[in-house]
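Trainee: generate coordinates for the sequence data below:
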Amino acid sequence: MPARFDLRLVAADMDGTLLDADKRVPDRLWPLLERLRERGIVFVPASGRQYATLHELFARAADGMPFIAENGTYVVRDGVEISSAPLAPAVVDAVLDRVERVRDAGADVGAVVCGKSRAYVSRDDAAFLDEVRHYYVAYEVVPDLHRVADEAIKIAIFDFGDAERDLAPALAEFAREQQVVVSGAHWVDVMAAGVDKGTALRALQRALGVTPAQTVAFGDYLNDLELLAAADHSYAVANAHPRVRAAARHQAPSNVDEGVIEVLTALLD
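Mentor: Numbers count the residues shown, from 1 in each chain. The predicted model follows:
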């Protein structure tokens, strides 16, 4: 535990970090959020999930709470957009074409076009939609993802196999001009270049007049590396990816042991 410091901003990844094994907000978080608010400390969920999903998760405490959604490509506070980073339509089409070729080659994959208002899928089997619903409460099944009219801020691709081993290499060429991130064991996200949870957190720091030295961040997976780099007080939960544990300055207990809550409680006490 670092020495006491002037804590003003807390950013926490959701899946694998703050949420429990059943992907729920731990009950102990709610009184802790009230303690943070009383001390003028801003709490911000930072996730690959969509804004609608995050807002639903934190509905009882959402007033005044910023949300870093879609891996930093969409930042919202009290329903007002703070920043967004749409993908060019040509990029969307090219990524979808590649996913279709990967699928035709035998991989069990499906794409989600993440718009500002909702997510869009064309695959409608129960197994795939069960995975989609974990992260996108607002979604629509459409006949052709190439014809989605909503502004796309991210393309998320789910692989029923190993995303880091199998899917990420197939999308590697897009990393030359876009942001390609393995965001979970089965997910790869394609976003606009230069946009990630870290750039979103730095934008919030500027907007709030908060420094990295006044910021704590928690994460577990590769899409959290930039988030942790934007905070002087960075924590990897015990169940984090090895690269994340190596990058963080401190380690917290695992998500199932409520590591984020344990660390924040100790800092406040």
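
Trainee: can you get me a residue count around residue 64?
Mentor: Neighbourhood size, residue 64 [other Cβ atoms under 10 Å]: 10. The way it works is simple: take the backbone N, C-alpha and C, and place the C-beta from them, glycine included.

Trainee: contacting residues for it?
Mentor: For residue 64, the contacting residues are 37, 77, 78, by Cβ atoms under 8 Å, 6 or more residues apart in numbering.

Trainee: for ChimeraX, write the selection for the buried entries among these.
Mentor: Buried residues among these (16 or more other Cβ atoms under 10 Å), as a ChimeraX selection:
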select :77
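
Trainee: got TSV for the contacts of residue 64, with distance to residue 145 too?
Mentor: As requested, these are arranged in TSV below (distance: Cβ to Cβ, whole Å):
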residue	distance to residue 145
37	40
77	29
78	31
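
Trainee: now render the contacts of residue 64 as TSV, adding distance to residue 23 and pLDDT.
Mentor: Formatted as TSV, the contacts of residue 64 follow (distance: Cβ to Cβ, whole Å; pLDDT from 0 to 100):
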residue	distance to residue 23	pLDDT
37	24	96
77	24	92
78	25	91
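
Trainee: cross the contacts of residue 64 against helices and list the overlap.
Mentor: Using DSSP state H, the members of the contacts of residue 64 that fall in helices are residue 37.

Trainee: select the longest helix from the chain.
Mentor: Assigned via DSSP H, the chain shows its longest helix as helix 89-104.

Trainee: helices of the stretch 51-200 of the chain, start to end?
Mentor: Secondary structure of the stretch 51-200 of the chain (DSSP state H, counting those that start in this stretch): helices at 51-57, 89-104, 126-135, 168-170, 197-208.

Trainee: quick check: mean pLDDT across the first one?
Mentor: Average pLDDT, helix 51-57: 93.

Trainee: and it, what other elements does it pack with?
Mentor: Judged by 3 or more Cβ pairs under 8 Å, 6 or more residues apart in numbering; DSSP states H and E, helix 51-57 is in contact with strand 66-69, strand 74-77.

Trainee: repeat for the second one
Mentor: Contact analysis of helix 89-104 by 3+ Cβ pairs under 8 Å, 6+ apart lists strand 109-115, strand 152-159 as its packing neighbours.
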